[in-house]
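Enquirer: coords please:
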Amino acid sequence: MNPQQPIPYVGSKTECKEQPIAFPPQHQNCQPGLESLMSPRPISEDPAYRGSGKLDGKIAIVTGGDSGIGKAAAIAFAKEGADLVIPYLYETSDAEVTKQRIESLGRRCLLMKIDLRYKRNCEAVVNETIARFGKLDVLVNNHAVQYVQRSILDITEEQLHHTYQTNIFPFFFMIQAALPYMKSGASIINTASITAYEGFKELIDYASTKGAIVSLTRSLALSLVDQGIRVNSVAPGSVWTPLIPSSFSAEEVAVFGTNSPMKRAAQPYELAPAYVYLASSICSSFVTGQAIHVNGGQMVTS
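Expert: Numbering: from 1, shown residues only. You can find the predicted model right below:
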């Protein structure tokens with residue numbers, strides 16, 4: 001598709017429902033990518049979404065909440081009454097925009113530019129959260145990287161270490177740091193992926209980390225059930241986030257998401273209500289060890 005041509009859309013223009021069904025070819029050279037460089041920008045918020053106090057007074061950490069799915073979840077949490085802590089890697093411009101929106105909703109937002117691959121940094125995030133807010137109610141482990149390789153033979157030792165050190169180790173580190181402060185009724189939400197269930201032939205190491213996240217979620221849910229702490233996951237399909245143009249070629253971006261039954265990728269705001277549901281004990285008090293599949297109708301075996 002020529003970037004100068006109009007982008008085809010589906011749906012109405014009301015209530016933020018208009019959706020692009022294809023994207024201009026584009027590529028970013030650094031992961032996890034910048035939302036500010038994307039065309040069109042991801043839709044992080046549905047103006048028609050009205051909070052109803054599902055998270056009143058709660059404190060939530062959303063890793064990678066500067067953009068993409070994490071940003072959408074953070075904004076929805078704020079609308080439901082939560083204050084946010086957002087650790088991010090380097091995307092300060094994106095993070096500041098997210099913070100401004102959260103604060104415009106009357107909630108507090110603490111940004112932390114930090115590398116979560118290291119346990120001490122995960123501990124620092126939790127310690128600063130407790131120092132600022134005095135408690136922690138919701139932990140969303142959401143950040144990730146992915147690198148396209150045509151064969152497993154092309155995955156270097158360095159890439160394999162980096163993918164696992166980013167996508168799965170910090171989930172353990174963040175949970176270990178957070179648990180001493182989480183009480184009955186608290187919620188842990190891990191972002192998994194449809195690739196954990198269907199696989200992806202060119203993202204073998206990424207998909208395997210997402211499979212590990214599914215197993216972590218199920219096992220930890222059993223471990224914490226007697227403490228009243230629920231552990232669940234969201235397994236997105238194709239979603240228009242900075243990770244996409246920073247992972248795939250411009251040509252692949254142009255057809256991204258069109259293989260789903262809905263023939264398009266999701267926008268981040270379409271994932272946010274799933275995170276609200278799992279975060280709120282008002283909504284999901286009897287839900288633990290589960291995965292919510294938000295993927296445009298692709299059938300998976302849980």
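Enquirer: C-alpha from now on. contacts and neighbour counts both.
Expert: Will do.
Enquirer: after the longest helix seen in the chain comes which helix or strand?
Expert: In the chain, taking DSSP state H as the definition, the longest helix is helix 204-224. Downstream of helix 204-224, the next assigned helix or strand under DSSP states H and E is strand 230-236.
Enquirer: Sheet-wise, list the partners of that following strand with their directions.
Expert: Sheet partners assigned to strand 230-236 using DSSP bridges are listed as strand 187-191 (parallel), strand 291-294 (parallel).
Enquirer: May I see those strands arranged in a markdown table, with mean neighbour count and distance to residue 167 as well?
Expert: Shown next, in a markdown table, are the strands paired with strand 230-236 (neighbours: other C-alpha atoms under 10 Å; distance: least, C-alpha to C-alpha, whole Å):
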| stretch | mean neighbour count | distance to residue 167 |
| --- | --- | --- |
| strand 187-191 | 25 | 10 |
| strand 291-294 | 21 | 17 |
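Enquirer: The longest helix of the chain to strand 230-236, inter-axis angle?
Expert: 160 degrees (axes from the mean of the first three to the mean of the last three C-alpha atoms, to 10 degrees).
Enquirer: who are the neighbours of helix 204-224, in terms of helices and strands?
Expert: Packing partners of helix 204-224 (3 or more C-alpha pairs under 8 Å, 6 or more residues apart in numbering; DSSP states H and E): helix 157-167, strand 187-191, helix 195-198, strand 230-236.
Enquirer: Kindly recompute the last result at 6 Å.
Expert: helix 195-198, strand 230-236 (3 or more C-alpha pairs under 6 Å, 6 or more residues apart in numbering; DSSP states H and E).
Enquirer: Correct me if wrong, but residue 87 is in a helix.
Expert: No. With DSSP: H, G, I helix; E, B strand; the rest coil as the criterion, residue 87 is located in strand rather than a helix.
Enquirer: Verify the stated contact: it with residue 63.
Expert: Yes. Residue 87 is within contact range of residue 63, at 5.1 Å (criterion: C-alpha atoms under 6 Å).
Enquirer: Of the two, which one has the most company?
Expert: The neighbour count for residue 87 versus residue 63, taken as other C-alpha atoms under 10 Å, is higher for residue 63 (28 against 24).
Enquirer: how about residue 58, what does it touch?
Expert: Remark: with contacts taken as C-alpha atoms under 6 Å, 6 or more residues apart in numbering, residue 58 is in contact with 82, 137.
Enquirer: how about a cut-off of 8 Å?
Expert: Applying C-alpha atoms under 8 Å, 6 or more residues apart in numbering to residue 58 gives the contacts 81, 82, 83, 136, 137, 138.
Enquirer: and if you look at residue 87?
Expert: 61, 62, 63, 64, 65, 66, 111, 112, 113, 114, 125.
Enquirer: are any of those residues buried, and which?
Expert: Neighbour counting by 16 or more other C-alpha atoms under 10 Å classes 61, 62, 63, 64, 65, 66, 111, 112, 114, 125 among these as buried.
Enquirer: Was I right to think the last one contacts residue 112?
Expert: Yes. Counting by C-alpha atoms under 8 Å, residue 125 sits close enough to residue 112 to count as a contact (7.3 Å).
Enquirer: In three-state terms, label residue 122 for me.
Expert: The assignment at residue 122 comes out as helix when based on three-state DSSP.
Enquirer: where's the residue lying closest to residue 107 once chain neighbours are set aside relative to residue 72, distance?
Expert: Leaving aside its chain neighbours, residue 107 sits nearest to residue 83 (5.3 Å; criterion: C-alpha to C-alpha, 6 or more residues apart in numbering). Residue 83 is 14 Å from residue 72, where distance means C-alpha to C-alpha, to the nearest Å.
Enquirer: Quickly note the distance from residue 232 to residue 218.
Expert: Relative to residue 218, and taking C-alpha to C-alpha, residue 232 is found at 8 Å.
Enquirer: so what's in contact with the two at the same time?
Expert: 288, 289, 290.
Enquirer: Go through those and say which is closest to residue 29.
Expert: Nearest to residue 29, judged by C-alpha to C-alpha, of the shared contacts of residue 232 and residue 218 is residue 290 at 34.7 Å.
Enquirer: Including secondary structure, distance to residue 97 and pLDDT, could the contacts of residue 87 go into JSON lines?
Expert: Rendered in JSON lines, the data for the contacts of residue 87 read as follows (DSSP: H, G, I helix; E, B strand; the rest coil; distance: C-alpha to C-alpha, whole Å; pLDDT from 0 to 100):
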{"residue": "61", "secondary structure": "strand", "distance to residue 97": "17", "pLDDT": "99"}
{"residue": "62", "secondary structure": "strand", "distance to residue 97": "15", "pLDDT": "98"}
{"residue": "63", "secondary structure": "coil", "distance to residue 97": "16", "pLDDT": "98"}
{"residue": "64", "secondary structure": "coil", "distance to residue 97": "13", "pLDDT": "97"}
{"residue": "65", "secondary structure": "coil", "distance to residue 97": "11", "pLDDT": "97"}
{"residue": "66", "secondary structure": "coil", "distance to residue 97": "8", "pLDDT": "97"}
{"residue": "111", "secondary structure": "strand", "distance to residue 97": "11", "pLDDT": "98"}
{"residue": "112", "secondary structure": "strand", "distance to residue 97": "14", "pLDDT": "98"}
{"residue": "113", "secondary structure": "strand", "distance to residue 97": "14", "pLDDT": "98"}
{"residue": "114", "secondary structure": "coil", "distance to residue 97": "18", "pLDDT": "98"}
{"residue": "125", "secondary structure": "helix", "distance to residue 97": "20", "pLDDT": "98"}
